[in-house]
Structures are given as C-alpha cells and as structure tokens.
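Trainee: got a predicted structure here, sequence first:
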Amino acid sequence: MKNERRIGAHLDTQKLLDYLDGQADTTSRREVEEHLGRFGDDLPDEVRAQADGPELLLVAWIDECLYVHEIEAFVVSRVEVGSCSDTVVHGRLYGEPLDAARHRLGTVVKAATLHGVSVQAREGRHEVKIIVDV
C-alpha cells in the first residue's frame, strides 16, 4: 500500500486538541502527524481497470480490487466509483490494513471469472452476475 498504516496505536486526545489549536510542541506535533498519516478512510487506495466491454471490465475491476486486498493486505469497508464507462472504471477503496486479531479470516476469493458473467441495464440501474474462484 502506498501509505503505511498501523492498527491499534493510541493517540492522546489532549495532544490532538493542542495540535488542532496550533499549540502542540514539536514532538507532539510529529506524533499526531504520524498518527493521522497512518489511519482512516482519508487515505484511500485508487483502483483503475480497463477492458473491451462491460463484462470484461467487471472482471478486471474485481480482480484489481482483489489485488489490493491480497497483495497489500487491505480490508475494504467502502468503495466509491468516480467514473465508469463501458471500457474504463476508476474508483477508490476505503478501509484499513488487515489485522488477523480484528478481522475474521474466511474463504479467500482468488479471482473473478468470465464464466456466466453478465452486465445488464435495468430501470436506470445495472444488474451484474459473476462467479468467482475460491
């Protein structure tokens, strides 16, 4: 992941208030900035995918998201799609680093498949069907 993050660190509330008021000393200011730089949904991972059609794009998008989860050990809590056409999608994945003590580790999805994939527009929305490899 581009931004190093830790789970379980603690930041003193008074240090944060002093920082926000511009009253923190150099050591406290550095501690707060390090803490803020490693936490939360304000540091999303950007994901892009490109393909020759909606079905292939769906598979490519899911595979890109799985890459972030698997390789970067990132647990996604929210997805925002900023732009999407029939051939390109760009969005952000929000979440936190995987922590085995906090996250239930279950069946791992390895990849999206092309078998039975469909993308259909219905009543102003899209209905998708996809099978994944586990």
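Mentor: In hand now; what should we look at? Residues are numbered from 1 along each chain as shown.
Trainee: could you give the average pLDDT over the longest helix anywhere in the chain?
Mentor: Taking DSSP state H as the criterion, the chain has its longest helix at helix 54-71. Averaging pLDDT along helix 54-71 yields 93.
Trainee: counting by contacts, list what it packs against.
Mentor: The contact analysis (3 or more C-beta pairs under 8 Å, 6 or more residues apart in numbering; DSSP states H and E) places helix 54-71 against strand 45-50, strand 74-84, strand 88-97, strand 111-112, strand 118-122. The way it works is simple: take the backbone N, C-alpha and C, and place the C-beta from them, glycine included.
Trainee: the last one: which residues count as buried?
Mentor: For strand 118-122, a neighbour-count test (16 or more other C-beta atoms under 10 Å) marks V119 as buried.
Trainee: partners of it in the sheet?
Mentor: strand 125-129 (antiparallel) (DSSP bridges).
Trainee: before we move on, the earlier item: pick the most deeply packed of the helices and strands packed on helix 54-71.
Mentor: Neighbour counts (mean count of other C-beta atoms under 10 Å) averaged over each of these peak at strand 88-97, with a mean of 18.
Trainee: can you pull the contacts of the nearest residue to V81 once chain neighbours are set aside?
Mentor: With sequence-adjacent residues excluded and distances taken as C-beta to C-beta, 6 or more residues apart in numbering, V81 is closest to G91, at 4.1 Å. Applying C-beta atoms under 8 Å, 6 or more residues apart in numbering to G91 gives the contacts E46, V47, R48, V79, E80, V81, G82, S83, C84.
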